[in-house]
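Colleague: The following comprises the amino acid sequence and a computationally predicted model.
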There are 2 protein chains.
Amino acid sequence: MAAPRANMSYRDIKQVVLDRIHNKIWAPDSLLPSEIDLAAEFSSTRTTVNRALRELAEEGYLERKRKAGTRVLNAPVRKAQFAIPLIRDEISETGADYRYALVERAAMPAPGWLSARMNIAQGCEVLYLRCMHYAGNAPFQYETRWIVPDSIPEVLEADFSCSGPNDWLVQKVPFTNLELSFLATKADQPVAEFLDTQVGEPIFTTERITWLRSKPVTLAKLFFAPGYRMTTHL
Amino acid sequence: MAAPRANMSYRDIKQVVLDRIHNKIWAPDSLLPSEIDLAAEFSSTRTTVNRALRELAEEGYLERKRKAGTRVLNAPVRKAQFAIPLIRDEISETGADYRYALVERAAMPAPGWLSARMNIAQGCEVLYLRCMHYAGNAPFQYETRWIVPDSIPEVLEADFSCSGPNDWLVQKVPFTNLELSFLATKADQPVAEFLDTQVGEPIFTTERITWLRSKPVTLAKLFFAPGYRMTTHL
DNA sequence: AAGGATCTTATGTCTATATATAAAGCCATT
DNA sequence: AATGGCTTTATATATAGACATAAGATCCTT
């Protein structure tokens, strides 16, 4: 059996608990001993045990409720965590050079779908941008973006010809809320042209909407070059 | 200015720190005061400040190094977190009934791409499954899966006609490692048929490989019905 | 200057203890 | 039975203090 030696760090305790879950010593849905009992078993303190269990709960292995105790989740809700890198970094890591180009910049009244989606006034002025991101000479990502100047007036003065709107926004507007979607879309004419592929090709796409304290700031649709895959380990 | 009153919880401290970052009181790349100084300012203790800063670092706002101190990340590496739900739950939540069907089950020698991808012996026997998941009457997900019996012999006895391999595996083999990819694929003949769409349609696809202590267990390709989008908020 | 050895310091972690709080369980009342 | 209040208990969080450790800073030697 797991040997509870003294001087166990919270990491050690996490490992032991995880092992016991894996080995069904603590079966799914079953209740763990209380922190006090575990602290005694591991000759540790409640504080340390608490940290171990708290982190395991955050990682989706356990469920904790006051008074009710700590129980093993039967369907471990594994949480995949993606770091959302700046595109520049993502490309640099592959060894390729990052290059940015502004394709179009226009102010226009918000189209109907946009005002509905972002919950802004019908016909409200928005800034519309189209950009390209290259890895070396290869197209990497085609970006369409709408920015709401109501929420951030300086944007009308911003120069997006040398660096992308994401860079500018990250600097200027530390968002408070983000909705992020992944989906597969079919390349339309401009997407196909810019990503150097055929109309109709499947394109991995992400959509982001960000808010600054309940004011919608921007919606971006990012179309990745064919073959792109987003990968994470856990 | 932020009023450092007494009795601040670690949550309060997190909020104050976050506000100061947003308001550029602590600019990107700048160094925060030490935990001791902050504890003094907030009339709190180092332990509490530590927890606040540690969590903000985990959330990608700060970078902490021993001796070097705590600094504000200029490009906040926001981390998107996806809970990976069991498909049954995902469907139930929409209000629809979940239905599962086994399409094919076969033992076969591992094809070349699979042994390469999963790092298993050439021609090693694997179990190949194809399954469908329905939300009500609508096709929701088409699944192809390979399981390595070497890593988990009982799988050859398992009955996958009533419940999916994922359910069985989650019960039987609590995986220790997972590689998860998202990509867009083009529907081939079987995918199109089962998902009731046209060949060539873009399909949001996830691939999962799981290991049990460095032994590869299973590879699954999950093809979602057209229109599916995976969304998260943060 | 360049390279090491040493000092210093900010974070990392553990211990021991105390108070706060949510919620389950119990009991008495209606 | 259902309701409402009380008790109990497990977790949540705060405090104070200690030692551990990584790594920047400094000084010393060559």
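Modeller: Ah, there it is. Residues are numbered from 1 along each chain as shown, chains lettered A, B, ... in the order given.
Colleague: Point out where chain A drops to low pLDDT.
Modeller: Residues of chain A meeting the criterion pLDDT under 70: A:1-6, A:75-78, A:174.
Colleague: Domain ranges for it, per the record?
Modeller: Under the assignment automatic domain parsing, the domains of chain A span A:10-72, A:87-224.
Colleague: Could you verify that A:G123 is part of a helix?
Modeller: No - applying DSSP: H, G, I helix; E, B strand; the rest coil, one finds A:G123 to be coil, outside a helix.
Colleague: Pull the number of nearby residues for it.
Modeller: 12 (other C-beta atoms under 10 Å in any protein chain shown). Backbone N, C-alpha and C define where each C-beta goes, glycine included.
Colleague: that older thread, closest one to DNA strand C among the domains of chain A?
Modeller: Taking C-beta to the nearest atom of the strand, domain A:10-72 is the member of the domains of chain A nearest to DNA strand C, at 3.5 Å.
Colleague: circling back to that earlier point, for the domains of chain A, give me TSV that also has distance to B:R229.
Modeller: Written out in TSV, the entries for the domains of chain A read as follows (distance: least, C-beta to C-beta, whole Å):
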stretch	distance to B:R229
domain A:10-72	22
domain A:87-224	4
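Colleague: Relative to chain B, which of those domains is closest?
Modeller: When those are ranked by distance to chain B, counting by C-beta to the nearest C-beta, first place goes to domain A:87-224 at 3.3 Å.
Colleague: about what we covered before: now the domains of chain A in TSV, with distance to DNA strand C?
Modeller: Supplementary listing: the domains of chain A in TSV, determined by distance: least, C-beta to the nearest atom of the strand, whole Å:
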stretch	distance to DNA strand C
domain A:10-72	4
domain A:87-224	21
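Colleague: Go through these and name the closest to B:T231.
Modeller: With C-beta to C-beta, the closest approach to B:T231 among the domains of chain A belongs to domain A:87-224: 4.4 Å.
Colleague: Tell me if the closest one is near chain B.
Modeller: Yes - on the criterion C-beta under 8 Å from any C-beta of the partner chain, domain A:87-224 is in touch with chain B at A:89, A:170, A:174, A:176-186, A:200-205, A:207.
Colleague: which among the residues you listed end up buried?
Modeller: Burial by neighbour count, judged by 16 or more other C-beta atoms under 10 Å in any protein chain shown, picks out A:170, A:174, A:178-180, A:182-186, A:201-205, A:207 from those.
Colleague: between these, which is closest to B:L56?
Modeller: Proximity of those to B:L56 (C-beta to C-beta) peaks at A:P174, which lies at 13.1 Å.
Colleague: Would you tell me which of the domains of chain A gets closest to B:E35?
Modeller: With distances scored as C-beta to C-beta, the stretch of the domains of chain A nearest to B:E35 is domain A:10-72 (17.0 Å).
Colleague: That closest one and DNA strand D, any residue contact?
Modeller: Yes - for domain A:10-72, a contact with DNA strand D is found by C-beta under 7 Å from any atom of the strand, at A:32, A:34-36, A:46-47, A:50, A:53-54, A:57, A:64-70.
Colleague: so of these, which ones are in helices?
Modeller: When those are checked against helices (DSSP state H), the matches are A:E35, A:I36, A:R46, A:T47, A:N50, A:L53, A:R54, A:A57.
Colleague: For the closest residue to A:E55 other than its chain neighbours, pull up the helix or strand it's in.
Modeller: Closest residue to A:E55 apart from its sequence neighbours, by C-beta to C-beta, 6 or more residues apart in numbering or on different chains: A:K14 at 6.3 Å. Per DSSP states H and E, A:K14 falls inside helix A:10-22.
Colleague: Remind me what that helix packs against, helices and strands.
Modeller: Helix A:10-22 sits against helix A:46-58, with contacts defined as 3 or more C-beta pairs under 8 Å, 6 or more residues apart in numbering or on different chains; DSSP states H and E.
Colleague: Spell out which parts of chain A neighbour DNA strand D.
Modeller: For chain A, the residues found near DNA strand D under the criterion C-beta under 7 Å from any atom of the strand are A:32, A:34-36, A:46-47, A:50, A:53-54, A:57, A:64-70.
Colleague: Drop anything exposed from those.
Modeller: Buried positions within the residues of chain A next to DNA strand D, assessed by neighbour count (16+ other C-beta under 10 Å), are A:L32, A:E35, A:N50, A:L53, A:R54, A:R64, A:T70.
Colleague: residues contacting the fourth one?
Modeller: For A:L53, the contacting residues are A:V17, A:L32, A:E35, A:L38, A:L62, A:R64, A:T70, taking C-beta atoms under 8 Å, 6 or more residues apart in numbering or on different chains as the criterion.
Colleague: So which of the residues you listed belong to strands?
Modeller: Counting by DSSP state E, these place A:L62, A:R64, A:T70 in strands.
Colleague: TSV for these, including distance to A:V148?
Modeller: Output for these, formatted as TSV (distance: C-beta to C-beta, whole Å):
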residue	distance to A:V148
A:L62	41
A:R64	40
A:T70	45
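Colleague: Just the closest of those to B:S163, please.
Modeller: Within those, proximity to B:S163 (C-beta to C-beta) peaks at A:L62, which comes in at 24.8 Å.
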